[in-house]
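Peer 1: The following block contains a protein sequence and its predicted model.
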Amino acid sequence: EAGVAQSPRYKIIEKRQSVAFWCNPISGHATLYWYQQILGQGPKLLIQFQNNGVVDDSQLPKDRFSAERLKGVDSTLKIQPAKLEDSAVYLCASRLKGGVRTDTQYFGPGTRLTVL
Amino acid sequence: AQRVTQPEKLLSVFKGAPVELKCNYSYSGSPELFWYVQYSRQRLQLLLRHISRESIKGFTADLNKGETSFHLKKPFAQEEDSAMYYCALSGHTGGFKTIFGAGTRLFVKA
């Protein structure tokens, strides 16, 4: 079974530029998450999708971050414009259903973003 | 507020020594607790969860509701245990959102 795929793996941009990340979850997984992991910290949830609907985006900085999962499969996360403090690893994760105690969350390899 | 605290950023032990990675949490209700592990150049992955009451790779963790702790233990550390370990919680109060601690890097010396 293929795991969660993410691209690109690395990205370097200058502040005020735009950037987009792509995630392909495990086939059949209804729930998809985007996390931001700043150096020295644990992952922090940015947004959670159930199929193509948003379940939780309470920690997403909506003035600059946006995310979509139009067909309930792949997802993109965009930052526009980027700030220095956005430098982090962006992790995508998926799980079969979500909200079920025995459901396991599977993580992608992450995209390391550096904003100069 | 829901919070996970891992007081040690780095823990260094000798091979064969016991290891305990500490985790304390704050949560209103009955959370589910997890330990995730990230080995060098690998993805973050689930190590164990408290409801399973299992031992994975020799690691165990007991949920202590009185002390709001979920410490990870292994009686005899191995070099291959060297990794980053994250304690996390999830629960109905937070819409099953997973909240992670800052992580502890375990280094097992030969």
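Peer 2: Perfect, I can see it now.

Peer 1: Chain B: strands as residue ranges?
Peer 2: Assignment of strands within chain B using DSSP state E yields the ranges B:3-5, B:10-14, B:19-21, B:24-26, B:32-38, B:45-49, B:60-61, B:72-74, B:83-90, B:99-100, B:104-109.

Peer 1: again but with chain A, I slipped
Peer 2: Going by DSSP E, chain A shows strands at A:5-7, A:10-13, A:19-24, A:31-37, A:44-50, A:53-56, A:65-68, A:75-79, A:88-95, A:106-107, A:111-115.

Peer 1: Next, format those strands as a markdown table and append mean pLDDT.
Peer 2: Shown next, in a markdown table, are the strands of chain A (pLDDT from 0 to 100):
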| stretch | mean pLDDT |
| --- | --- |
| strand A:5-7 | 97 |
| strand A:10-13 | 98 |
| strand A:19-24 | 98 |
| strand A:31-37 | 96 |
| strand A:44-50 | 94 |
| strand A:53-56 | 91 |
| strand A:65-68 | 97 |
| strand A:75-79 | 98 |
| strand A:88-95 | 96 |
| strand A:106-107 | 96 |
| strand A:111-115 | 98 |
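
Peer 1: for these, which one sits closest to B:H50?
Peer 2: strand A:88-95 (17.6 Å; C-beta to C-beta). For glycine as for every other residue, the C-beta is placed from the backbone atoms N, C-alpha and C.

Peer 1: Mind listing the strands that closest one pairs with, and their directions?
Peer 2: strand A:31-37 (antiparallel), strand A:106-107 (antiparallel), strand A:111-115 (antiparallel) (DSSP bridges).

Peer 1: How far away from the center of its chain is the last one?
Peer 2: When C-alpha coordinates are averaged (C-alpha atoms, centre = their mean, to the nearest Å), strand A:111-115 and its chain have centres 13 Å apart.

Peer 1: All set, thanks.
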